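[1] sequence first, then the predicted structure, then my questions.
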There are 2 protein chains.
Amino acid sequence: MYIPTLADMSAAEERIRPHIHRTPVLTSSFINALAGAELFFKCENFQKAGAFKARGASNAVFGLSDAQAAKGVATHSSGNHGTCLSYAAGRRGIPCTVVMPRTAPQAKKDAVRGYGGKVVECEPSTSSREAVFAEVVAETGAEFVHPYNDPRVIAGQATCSKELIGQVDGLDAVIAPIGGGGMVSGTCLTLSNLAPHIRVYAAEPEQADDAYRSFRAGHIIADDAPNTVADGLKVPLKELTWHFVRNHVTDILTASEEEIVDAMKLVWKRMKMVMEPSSAVPLATILKNRDLFAGKRVGIIITGGNVDLDKLPWQ
Amino acid sequence: MYIPTLADMSAAEERIRPHIHRTPVLTSSFINALAGAELFFKCENFQKAGAFKARGASNAVFGLSDAQAAKGVATHSSGNHGTCLSYAAGRRGIPCTVVMPRTAPQAKKDAVRGYGGKVVECEPSTSSREAVFAEVVAETGAEFVHPYNDPRVIAGQATCSKELIGQVDGLDAVIAPIGGGGMVSGTCLTLSNLAPHIRVYAAEPEQADDAYRSFRAGHIIADDAPNTVADGLKVPLKELTWHFVRNHVTDILTASEEEIVDAMKLVWKRMKMVMEPSSAVPLATILKNRDLFAGKRVGIIITGGNVDLDKLPWQ
């Protein structure tokens, strides 16, 4: 297992610069007053393709040799990673195949295709996905880019908190949602090296709290089919992300479905930002753990903004 | 009739600086490709109190003498001006009264009260509003701050395009929605003085096209009760705003209700921004007048982000 280093993050920073946005950091005096803390929202919902995953995907795609690249990239994802890998491959002009359950939302399939990627459907089961994916790779020779358990991807995500600490001075903590742990691992990678006094927290839905339980148990626990409105956070930790979580995360906090939706609506209403339910989990946990963050300067990674506007969770 | 000057805009700029945000300018390569033009969105939806009207209201409130200020300010508005005047008065710590029809949305009343202002209800008719408002002023001696037909308000709104031309080089045109014409007048004031080569366009709903018809007729036409999803744009021009529109606007373009809602949803979806229907009218007119803007660099004023998240127009 190769563990990405600060040098990998720096290389990623150079490599992906032409392909990603340096996203803004926004604040809300209203929400600060509610939280009793100073919150700095790092807006990856404004990122290319609508999510931080454009960072890791771009780093993987643009790090390929020409020979590798000619065969293209492939992944399995029904979320932002598929869209973002398609975005990055499109920028390089190489093929991209995304294996998705046929039951995935039409909008997600359209998003992959919108950037030029190819969608190959599988049945909604792990065995079907693995079989179909193996076929795709055998046929194309495409490079597999895992959504998070990949050092290139983690080094790419790590550029986000590098930007953040250049934009905001004196942070006491950074908090990000945790699903597979790619963003949290990248955050740990950067901060443990460049600003080790900044604490890293992870935030997770109560109804998909496998990382929370893993953290307390001391080994990876994977759930079978967790159900949460924060659909980007259903996937389990893997060995590489577990390494970062175990060694560098201060704590994992959880929030209920109602708290997540309330925090999401609060940000839409007061900050005029479209963000995904997953992105609301950190704020939800801050508002229910006011003592922990009282008077602190806290960075919050808003991970993405890809929601179905026809099906909002408060309706 | 006193017509505000560039010096008034510059004074406003200094006066309101501590009380407003320098809002960001965002772009979308997807929407640029659709439009065949380079569009620069000036995001006043991220402004204090959620709308550009915080500029004009702050300029009026902070320009008052202490003696005037002690008696407070008053206005009639069921929209952003009431909220923003309450915001500005709250910053100065003076009373603010907003006369609103009792039928106005609860959210609008709550917004005024949230910043410390007082809501006085009237019947939903012009005669009742005028009578109730006269009573408020007689009782309090409050200074009337009109939503747009006021040189202090126009000078405040004019600071927005001053910022914009400092943020984006080489603009060919700026387009803003038009209701009463306060933002368009401020835009004309700044650009006709500082960048007279930049064309100013106004965008209006077809179903509330009184400014469009006024512009063509050569005199103010006021409609009785126009009906449009862009509820910020139902009010008529007045003499001061008519002065700027008549003398400095290149053209007024209109869009249908469906075009407005489509443009609104497009921005929410691709740019991850919450904006009001009124703010979508300029983009709607650009997308239906592609030849007019082809290859041009166009600034678009996104006027506000105060929408009812429980009642979105595409649902």
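    Here it is on my side, so go on.
[2] if I read this right, residue A:42 contacts residue A:162, doesn't it?
    No. When contacts are counted by Cβ atoms under 8 Å, residue A:42 is not listed as touching residue A:162 (10.9 Å). Every C-beta, even on glycine, is put in place using the N, C-alpha and C of the backbone.
[3] these two: who's more crowded?
    residue A:42 (25 against 22; other Cβ atoms under 10 Å in any protein chain shown).
[4] ramachandran angles for the more buried one?
    For residue A:42, the backbone dihedrals (degrees, to the nearest 10) come out as phi -90, psi 110.
[5] tell me what it is bridged to.
    Residue A:42 has these beta-bridge partners by DSSP bridges: residue A:25, residue A:301.
[6] now residue A:38
    residue A:297.
[7] would you confirm that it contacts residue A:29?
    No. Applying Cβ under 8 Å, one finds residue A:38 not in contact with residue A:29, separated by 9.6 Å.
[8] the two: who's more crowded?
    Neighbours were counted for residue A:38 and for residue A:29 using other Cβ under 10 Å; residue A:38 has more, 18 against 10.
[9] and that one, what is it in contact with?
    Contacts for residue A:38 (Cβ atoms under 8 Å, 6 or more residues apart in numbering or on different chains) come out as A:27, A:32, A:296, A:297, A:298.
[10] between all of those residues, which two are separated the most?
    A:27 and A:296 (13.9 Å; Cβ to Cβ).
[11] pick out whichever of these two has more residues nearby.
    residue A:296 (17 against 14).
[12] for the record, mean pLDDT for stretch A:91-99?
    For stretch A:91-99, mean pLDDT is 98.
[13] please read the previous query as pertaining to stretch A:182-191.
    98.
[14] cool, and stretch A:217-232?
    91.
[15] for that stretch, measure first residue to last.
    23 Å (Cα to Cα, to the nearest Å).
[16] who's in contact with that stretch?
    With Cβ under 8 Å, 6+ apart as the criterion, stretch A:217-232 contacts A:79-80, A:177, A:179, A:205, A:207-208, A:210, A:213-214, A:234, A:236-239, A:242, A:246, A:257, A:260-261, A:276-278, A:280-281, A:303-304, A:313.
[17] run the chain-centre distance for it.
    Computed by Cα atoms, centre = their mean, to the nearest Å, the separation of stretch A:217-232 from the middle of its chain amounts to 15 Å.
[18] now do the buried residues in that stretch.
    A:220, A:221, A:226, A:228, A:229, A:230, A:231, A:232 (16 or more other Cβ atoms under 10 Å in any protein chain shown).
[19] which two from those end up farthest apart in space?
    A:220 and A:229, at 23.8 Å, using Cβ to Cβ across the buried residues of stretch A:217-232.
[20] for residue A:261, give me its contacts.
    Applying Cβ under 8 Å, 6+ apart, the residues near residue A:261 are A:229, A:277, A:280, A:313, A:314.
[21] try 10 Å
    Neighbouring residues of residue A:261 by Cβ atoms under 10 Å, 6 or more residues apart in numbering or on different chains: A:229, A:230, A:255, A:277, A:280, A:284, A:312, A:313, A:314.
[22] and which of the residues you listed is nearest residue B:251?
    Among the contacts of residue A:261, and counting by Cβ to Cβ, the member closest to residue B:251 is residue A:312, at 36.7 Å.
[23] name the residues of whichever helix or strand residue A:14 is part of that come out as buried.
    Using DSSP states H and E, residue A:14 sits within helix A:6-16. By neighbour count with 16+ other Cβ under 10 Å, helix A:6-16 contains the buried residues A:8, A:9, A:11, A:12, A:13, A:15, A:16.
[24] same check on stretch A:307-315?
    Those would be A:307, A:312, A:313, for stretch A:307-315 by 16+ other Cβ under 10 Å.
[25] kindly report the same for stretch A:231-242.
    A:231, A:232, A:233, A:234, A:235, A:236, A:237, A:238, A:240, A:241, A:242.
[26] same check, this time on stretch A:116-136
    Applying 16+ other Cβ under 10 Å to stretch A:116-136 flags A:117, A:118, A:119, A:120, A:122, A:129, A:132, A:133, A:136 as buried.
[27] that one and chain B in contact?
    No. In terms of Cβ under 10 Å from any Cβ of the partner chain, no part of stretch A:116-136 sits within range of chain B; the closest distance is 13.3 Å.
[28] residues making contact with the helix holding residue A:14?
    Contacts of helix A:6-16 (Cβ under 10 Å, 6+ apart): A:2, A:4-5, A:20, A:48, A:54-63, A:88, A:91, A:151-163, A:186, A:189-190, A:192-194.
[29] restrict these to those near chain B?
    Among these, chain B is touched by residue A:48 when using Cβ under 10 Å from any Cβ.
[30] what pLDDT does whichever residue of the stretch 101-250 of chain A sits closest to chain B get?
    As assessed by Cβ to the nearest Cβ, chain B sits closest to residue A:114 within the stretch 101-250 of chain A, at 8.6 Å. Per-residue confidence (pLDDT) for residue A:114: 95.
[31] I'd say it and residue A:82 touch.
    No. Contact status for residue A:114 versus residue A:82: not in contact, 11.4 Å apart, counting by Cβ atoms under 10 Å.
[32] which one's more surrounded, those two?
    Higher neighbour count among residue A:114 and residue A:82: residue A:82, with 29 against 15, using other Cβ under 10 Å.
[33] that one should be in a helix, yeah?
    Yes. Checked against DSSP: H, G, I helix; E, B strand; the rest coil, residue A:82 lies within a helix.
[34] which ones are touching it?
    Residue A:82 neighbours (Cβ under 10 Å, 6+ apart): A:49, A:53, A:57, A:75-76, A:96-100, A:104, A:108-109, A:111-112, A:115, A:117, A:119, A:147.
[35] mind running it again at 8 Å?
    Applying Cβ under 8 Å, 6+ apart, the residues near residue A:82 are A:75, A:76, A:98, A:100, A:108, A:111, A:112, A:117.
[36] just give the closest residue to the fifth one, not the sequence neighbours.
    Closest residue to residue A:108 in three dimensions, ignoring its sequence neighbours and counting by Cβ to Cβ, 6 or more residues apart in numbering or on different chains: residue A:78, at 5.7 Å.
[37] walk me through the domains of chain A.
    Chain A breaks down by automatic domain parsing into domains covering A:6-51+A:150-302, A:54-144.
[38] next, the distance between the ends of the shortest one.
    It stands for domain A:54-144. 16 Å.
[39] cool, and stretch A:206-215?
    Stretch A:206-215: ends 14 Å apart by Cα to Cα.
[40] ok, and what's touching that stretch?
    So stretch A:206-215 is contacted by A:178-179, A:181, A:202, A:204, A:220-223, A:226-228, A:230, A:233-234, A:236-237, A:242, A:245-246, A:249, A:251-257 (Cβ under 8 Å, 6+ apart).
[41] so which of those residues belong to helices?
    In helices, judged by DSSP state H, the following of the contacts of stretch A:206-215 are found: A:242, A:245, A:246, A:257.
[42] element containing the nearest residue to residue A:49 once chain neighbours are set aside, please.
    The shortest distance from residue A:49 to any non-neighbouring residue, by Cβ to Cβ, 6+ apart, is to residue A:87 (4.1 Å). Here residue A:87, judged by DSSP H and E, is contained in helix A:80-92.
[43] just list what the helix or strand following that helix packs against, helices and strands only.
    Per DSSP H and E, the first helix or strand lying C-terminal to helix A:80-92 is strand A:96-101. Contacts defined by 3 or more Cβ pairs under 8 Å, 6 or more residues apart in numbering or on different chains; DSSP states H and E place strand A:96-101 against strand A:73-76, helix A:80-92, helix A:106-114, strand A:118-122, helix A:126-140.
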